[in-house]
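Student: have a look; sequence and predicted model below, questions after that.
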Amino acid sequence: MRRKVVVLAVVLGLALVSVAAYIGIVMFGPSAKPQPTIVSSSVPSAPDDEDVYAKRRERMVIETIERRGITDEEVLDAMRAVPRHFFVPEGDQDYAYGDYPLPIGYGQTISQPYIVALMTDLLELKQGDRVLEVGTGSGYQAAILAEIPDVEVYTIEIIPELATSAQERLTELSYAHVHCKEGDGYFGWPEHAPFDAIIVTAAPDHVPQPLVDQLAEGGRLVIPVGPPGGYQTLWKFVKQPDGELKAFNMGGVAFVPLTGGDQ
């Protein structure tokens, strides 16, 4: 039987933004872009281009993340540090620093930068934390987590091809210390539990009980929950000493469905 979830209504500046506008930012990208292709695991090398991309990254942080209320310096530094253009298809690299999701193949997407920053911020990571990511995708969110100082990162991807290419990419970009696994993230990674934080980057229609069980006391679970093919609610849960979850509604989002488990 699932533990009772205690819902606490939280009034935040972010919640004052209308759900419709918020979802629009999540859903819509450029009006025209190349057709989806699989993200290559090879990291290109072009110093002049890297300077251009670094400037785009800085503008992305200032205009689409800081201005929307993310103030944690470690999160902002992580968003500045990770080259998002290496985690998208080569034909989409010109769009890498726009604030919208992009396809990465196999029906999956890389989340928009603001959502990545927001979810990372909600995890409230601190030195020594162990964090589990469910849904590695291209590896971008895992790289952001790994940029937070002294945080141990575990990430699971159910699609074999994405799991392999993400691990290769993370290793080539010197994130070899990120622990990657191909598997069904619905069931978590019990061998390394408990986790101080868990982030789910695809949407189940309910909170997976195995993830609740693997969350440490005081641990934070950030997860979109809702029906497949529609809009979901982004939730932050905090595990209480009695094992119950205190829930914070963070607004409307749109994610690809979580596969595996009893979905």
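Tutor: Received the coordinates, thanks.

Student: what comes up buried for stretch 138-149?
Tutor: Residues of stretch 138-149 classed as buried by neighbour count (16 or more other Cβ atoms under 10 Å): 138-148. Every residue, glycine included, has its C-beta placed from N, CA and C.

Student: let's have these in a markdown table, adding pLDDT and secondary structure.
Tutor: Listed next are the buried residues of stretch 138-149 as a markdown table, based on pLDDT from 0 to 100; DSSP: H, G, I helix; E, B strand; the rest coil:
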| residue | pLDDT | secondary structure |
| --- | --- | --- |
| 138 | 97 | coil |
| 139 | 98 | coil |
| 140 | 98 | helix |
| 141 | 98 | helix |
| 142 | 98 | helix |
| 143 | 98 | helix |
| 144 | 98 | helix |
| 145 | 98 | helix |
| 146 | 97 | helix |
| 147 | 97 | helix |
| 148 | 97 | coil |
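
Student: turn these into CSV, columns for distance to residue 110.
Tutor: Putting the buried residues of stretch 138-149 into CSV (distance: Cβ to Cβ, whole Å) gives the following:
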residue, distance to residue 110
138, 5
139, 9
140, 5
141, 8
142, 11
143, 11
144, 11
145, 14
146, 16
147, 16
148, 19
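
Student: out of the residues you listed, who's nearest residue 98?
Tutor: For these, the closest approach to residue 98 (Cβ to Cβ) belongs to residue 140, at 14.0 Å.

Student: for residue 196, see how far away that closest one is.
Tutor: Counting by Cβ to Cβ, to the nearest Å, the separation of residue 140 from residue 196 is 21 Å.

Student: one more: residue 247?
Tutor: The value you get for residue 247 to residue 196, if Cβ to Cβ is used, is 18 Å.

Student: now swap in residue 113 and tell me
Tutor: Separation of residue 113 from residue 196 (Cβ to Cβ): 24 Å.

Student: same deal with residue 82?
Tutor: Distance, residue 82 to residue 196, by Cβ to Cβ: 21 Å.

Student: do the same with residue 221
Tutor: 10 Å.

Student: chain center to stretch 120-134, what's the gap?
Tutor: 11 Å (Cα atoms, centre = their mean, to the nearest Å).

Student: helix, strand or coil: sort out the closest residue to residue 72 other than its chain neighbours for me.
Tutor: In space, and not counting its chain neighbours, residue 72 is closest to residue 121: 5.3 Å by Cβ to Cβ, 6 or more residues apart in numbering. At residue 121 the chain is in helix, as set by DSSP: H, G, I helix; E, B strand; the rest coil.

Student: and if you look at residue 133?
Tutor: strand.

Student: neighbours around it, how many?
Tutor: Residue 133: 28 surrounding residues under other Cβ atoms under 10 Å.

Student: can you pull out the low-pLDDT segments for the stretch 151-263 of the chain?
Tutor: 262-263 (pLDDT under 70).

Student: which parts of it are strands?
Tutor: With DSSP state E, counting those that start in this stretch, the ranges of strands along the stretch 151-263 of the chain come out as 152-157, 179-182, 195-200, 215-225, 232-239, 245-253.

Student: in JSON lines, list those along with distance to residue 104 and mean neighbour count.
Tutor: Shown next, in JSON lines, are the strands of the stretch 151-263 of the chain (distance: least, Cβ to Cβ, whole Å; neighbours: other Cβ atoms under 10 Å):
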{"stretch": "strand 152-157", "distance to residue 104": "11", "mean neighbour count": "24"}
{"stretch": "strand 179-182", "distance to residue 104": "15", "mean neighbour count": "18"}
{"stretch": "strand 195-200", "distance to residue 104": "17", "mean neighbour count": "25"}
{"stretch": "strand 215-225", "distance to residue 104": "17", "mean neighbour count": "21"}
{"stretch": "strand 232-239", "distance to residue 104": "19", "mean neighbour count": "21"}
{"stretch": "strand 245-253", "distance to residue 104": "18", "mean neighbour count": "19"}
